[in-house]
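Asker: make a model of this:
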Amino acid sequence: SFPTRRSSDLEVNDADVYYNLTNQDTGTSYRCPSSGPLSGTGGYYNCTFDSSGKDVGQYEIVLEADKSYHNPDSDTTSTFISSVPLLEDGSVESDTGGDGWGASPYNYTVNVTDRDGDTVDVRFYLNSSQTDGWELKSTKQCTNCDDSVLSFIINYEKENITTWDYKFNATDEHSDSSET
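Answerer: Numbering: from 1, shown residues only. The predicted structure follows:
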């Protein structure tokens, strides 16, 4: 959402106001609102921009304001639209091809994608009736992750015979996060 107050000594109501957002890498532009001007009261104008499915990256935002018998005006700022890391195809397999505690070690894998090329921290957790909730077992990173496969190896002993649940958590450098 882009709130703006356009005034100096006098409040200007009923101006034709809109935002133009341009991705600095791709050149793709979006208008907010997509058609017509914004309506505002007391010189305040607000536009909610849905970034879902939009190109990630640095955006220049230009506010354009115009009203009959007034000079047109514009103001420029910038923002960054980032993506949430995507975790897919989480799986577990025994390196020996067997199952049960005697089939250790177990290889837990997950595919990681982050569209804006961030460094992503992926945390691997285990939980069972033998633990007090989720236990962080390991953390790995990938940069420019594009369907990158991360692997976490766990060895079990006969004392660990129970049902184990696992999950992955990913957080990028913009603090965007996801979990399986």
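
Asker: quick one, phi/psi of the residue of the chain most remote from its centre?
Answerer: Distance from the C-alpha centroid of the chain peaks at Tyr69, with 43.6 Å (CA atoms, centre = their mean). Tyr69 adopts backbone torsions of phi 70, psi 20, taken as degrees, to the nearest 10.

Asker: repeat that for the one 3 residues further on.
Answerer: Its backbone dihedrals place Pro72 at phi -70, psi 150, with angles given as degrees, to the nearest 10.

Asker: number of nearby residues for the residue lying closest to it once chain neighbours are set aside?
Answerer: Closest residue in space to Pro72, ignoring its immediate chain neighbours: Asp66 at 4.3 Å, by CB to CB, 6 or more residues apart in numbering. Using the backbone N, CA and C atoms, a C-beta is placed for each residue, glycine as well. Burial of Asp66 is recorded as 14 neighbouring residues (other CB atoms under 10 Å).

Asker: spit out the contact partners of Asp66.
Answerer: Shown in contact with Asp66 (CB atoms under 8 Å, 6 or more residues apart in numbering): 15-17, 72-73.

Asker: buried stuff in stretch 114-123?
Answerer: Within stretch 114-123, the residues that count as buried by 16 or more other CB atoms under 10 Å are 114, 116, 118, 120-123.

Asker: Asn20 versus Ser34, what's the distance?
Answerer: Ser34 is 11 Å from Asn20, where distance means CB to CB, to the nearest Å.

Asker: which one of these two has more residues nearby?
Answerer: When Ser34 and Asn20 are compared for neighbours, Asn20 comes out ahead with 16 against 10, by other CB under 10 Å.

Asker: wait, that one sits on Ala65?
Answerer: No. Checked against CB atoms under 8 Å, the pair Asn20 and Ala65 is beyond contact range at 11.9 Å.

Asker: out of the buried residues of stretch 114-123, the closest to Asn107 would be?
Answerer: Nearest to Asn107 among the buried residues of stretch 114-123: Val122, at 14.7 Å, using CB to CB.

Asker: backbone dihedrals for that closest one, please?
Answerer: Residue torsions, per degrees, to the nearest 10, at Val122 are phi -110, psi 120.

Asker: tell me what it is bridged to.
Answerer: Judged by DSSP bridges, the bridge partners of Val122 are Lys140, Ala170.

Asker: surely it meets Ser177?
Answerer: No. Val122 is not in contact with Ser177 according to CB under 8 Å; the separation is 10.4 Å.
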